[in-house]
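> Test case, fold it:
(one chain, ligands or ions: 2)
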Amino acid sequence: MIIVMKRDAGQDQIDHIVEKITEWGLTANVSRGEETNVIGVIGDESVIRTKPLEVFPGVESVMPVLKPYKLASTEFHPDPTVITIPAVKDGEKDVVLGGSDVVVIAGPCSVESREVLLETAHDVKKRGATILRGGAFKPRTSPYAFQGLGVEGLRLLAEAREEAGIPIITEVMDTRDVEMVAEFADVLQVGARNMQNFNLLKAIGRSGIPVMIKRGLSSTLKELLMSAEYVMSQGNGNVLLCERGIRTFETMTRNTVDISAVPAIKGESHLPVAVDPSHGTGHRDYIVPVARAAVAAGADAIMVEVHPRPEEALCDGPQALLPEEFGGTVNELRAVAKAVGRGL
Ligand code: PEP
Ligand code: MN
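Ligands and ions are numbered 1, 2, ... in the order given. Below you'll find the model as predicted:
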């Protein structure tokens, strides 16, 4: 931490700060300049972060030297995090997130019925998806919209997982449900609207189950990394971060996909990154070009919504690919992955 003093700060004000820093068990180094003086603080930065140094008399500004997301940052963990989802049954492969291969996650927005889910599970698996998505608890803007099948949806996901031999990711919305959802899911999902539900993040951290955290509608990448830090601070390092579009003034797309989030997160963090062009764009026709861009930018996973009859979907039909379109999408992504030195 570096404390920059005001030009007119007196020696008594510097002494007062040095005294406090020493009292907190840290070391202060005063550097005297022609224009102003700075105090370098050496020791556990987390101690000093809790102190309101800005309000001390004579202080101009306070600059942290280390990132506030210590566990998520490459500063302390330079090697990329690789999350391994064990194969769900014999004959299947483990799924590796953050490794050399790009992972494709696909499935309906929500679990609507046994028939649609099983059909989609077999279909997306056959065409190259290695994780099945589907929401049993749905965060809907309107309380009158379909809210998901709840526990019954989880049971159907478990059946699809077993039948198709594919791991599943599903959203958990409530802290009280974490343990229960974790019994069914291979990967938990924290939705955009819950990205800063800190109690939920802590509970997921304690569960130890891999989690994908989606970027909040209006959240900065720093805030997203701090959400990862919440999970990691409880001992769960299996965190996948997901760019799913943010809110901007643009209305032609549902959200604005921030492709630069991929290299930006990768520059700051060792955690794997996913991109969701379905929620990102809201339009089936834009999914493929945006997914291609995401893979080219270095995404470790792509999440897309797929529905056999989007016109009948209870949620997000306009942004769902048909299974055959999904197959074509995977082939296109495979070519892009190859061009950037990755497999799929
Ligand atoms: C979802 O993936 O099912 C979802 C609701 O997405 P988001 O939280 O990004 O809106
Ligand atoms: Mn959806």
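> which residues touch the single nearest residue of the chain relative to ligand 1?
In the chain, the residue that lies nearest ligand 1 is residue 191 (3.1 Å; Cβ to the nearest ligand atom). Heads up, the C-betas are built off the backbone N, CA and C, glycines and all. By Cβ atoms under 8 Å, 6 or more residues apart in numbering, the contact list for residue 191 reads 139, 171, 173, 214.
> Report how many residues lie close to the first one.
By that I understand residue 139. 13 (other Cβ atoms under 10 Å).
> Then it would be within a helix, right?
No: with DSSP: H, G, I helix; E, B strand; the rest coil as the criterion, residue 139 is located in coil rather than a helix.
> Could you export stretch 231-244 as PDB, CA atoms only?
What follows is stretch 231-244, C-alpha atoms only, in PDB (Å, rounded to 0.1, in the frame of the first residue of the first chain):
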ATOM      1  CA  VAL A 231     -16.000 -18.600  -3.500                       C
ATOM      2  CA  MET A 232     -12.300 -19.200  -3.400                       C
ATOM      3  CA  SER A 233     -11.900 -17.600   0.100                       C
ATOM      4  CA  GLN A 234     -14.000 -20.600   1.400                       C
ATOM      5  CA  GLY A 235     -11.600 -23.100  -0.100                       C
ATOM      6  CA  ASN A 236     -13.300 -23.800  -3.500                       C
ATOM      7  CA  GLY A 237     -10.900 -23.000  -6.300                       C
ATOM      8  CA  ASN A 238     -13.000 -24.600  -9.000                       C
ATOM      9  CA  VAL A 239     -14.400 -21.400 -10.500                       C
ATOM     10  CA  LEU A 240     -15.300 -20.700 -14.100                       C
ATOM     11  CA  LEU A 241     -16.100 -17.200 -15.000                       C
ATOM     12  CA  CYS A 242     -18.700 -16.400 -17.700                       C
ATOM     13  CA  GLU A 243     -19.200 -13.300 -19.900                       C
ATOM     14  CA  ARG A 244     -22.900 -13.300 -20.800                       C
END
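> and that stretch with ligand 1, contact?
Yes: applying Cβ under 6 Å from any ligand atom, one finds stretch 231-244 in contact with ligand 1 at residue 244.
> Pull out the buried positions in that stretch.
Neighbour-count burial for stretch 231-244 flags 231, 232, 236, 237, 238, 239, 240, 241, 242, 243, 244 (criterion: 16 or more other Cβ atoms under 10 Å).
> What average pLDDT does that stretch get?
Mean per-residue pLDDT for stretch 231-244: 98.
> Distance from that stretch to the middle of the chain?
The chain centroid and the centroid of stretch 231-244 are separated by 7 Å, computed with Cα atoms, centre = their mean, to the nearest Å.
> list the helices and strands the helix or strand bottoming out on mean pLDDT in the chain packs on?
Counting by mean pLDDT, DSSP states H and E, the chain has its least confident helix or strand at helix 45-49, which shows a mean of 82. Here helix 45-49 touches no other helix or strand, going by 3 or more Cβ pairs under 8 Å, 6 or more residues apart in numbering; DSSP states H and E.
> Is it possible to get JSON lines of the buried residues of stretch 231-244 that adds distance to residue 221 and secondary structure?
Listed next are the buried residues of stretch 231-244 as JSON lines, based on distance: Cβ to Cβ, whole Å; DSSP: H, G, I helix; E, B strand; the rest coil:
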{"residue": "231", "distance to residue 221": "16", "secondary structure": "helix"}
{"residue": "232", "distance to residue 221": "16", "secondary structure": "helix"}
{"residue": "236", "distance to residue 221": "20", "secondary structure": "coil"}
{"residue": "237", "distance to residue 221": "19", "secondary structure": "coil"}
{"residue": "238", "distance to residue 221": "20", "secondary structure": "coil"}
{"residue": "239", "distance to residue 221": "14", "secondary structure": "strand"}
{"residue": "240", "distance to residue 221": "15", "secondary structure": "strand"}
{"residue": "241", "distance to residue 221": "9", "secondary structure": "strand"}
{"residue": "242", "distance to residue 221": "12", "secondary structure": "strand"}
{"residue": "243", "distance to residue 221": "9", "secondary structure": "strand"}
{"residue": "244", "distance to residue 221": "13", "secondary structure": "coil"}
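> Columns distance to residue 77 on top of those, output as a markdown table?
Output for the buried residues of stretch 231-244, formatted as a markdown table (distance: Cβ to Cβ, whole Å):
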| residue | distance to residue 77 |
| --- | --- |
| 231 | 14 |
| 232 | 10 |
| 236 | 14 |
| 237 | 9 |
| 238 | 13 |
| 239 | 12 |
| 240 | 15 |
| 241 | 14 |
| 242 | 20 |
| 243 | 21 |
| 244 | 24 |
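> of all the residues you listed, which two lie farthest apart?
The most widely separated members of the buried residues of stretch 231-244, counting by Cβ to Cβ, are 237 and 244 (21.8 Å).
> The helix or strand following the least confident helix or strand of the chain packs against which elements?
Remark: after helix 45-49, the chain's next helix or strand is strand 59-63, criterion DSSP states H and E. Secondary-structure packing of strand 59-63 (3+ Cβ pairs under 8 Å, 6+ apart): strand 2-5.
> Output the below-cut-off pLDDT ranges for the stretch 1-150 of the chain.
Scanning the stretch 1-150 of the chain for pLDDT under 70 picks out nothing.
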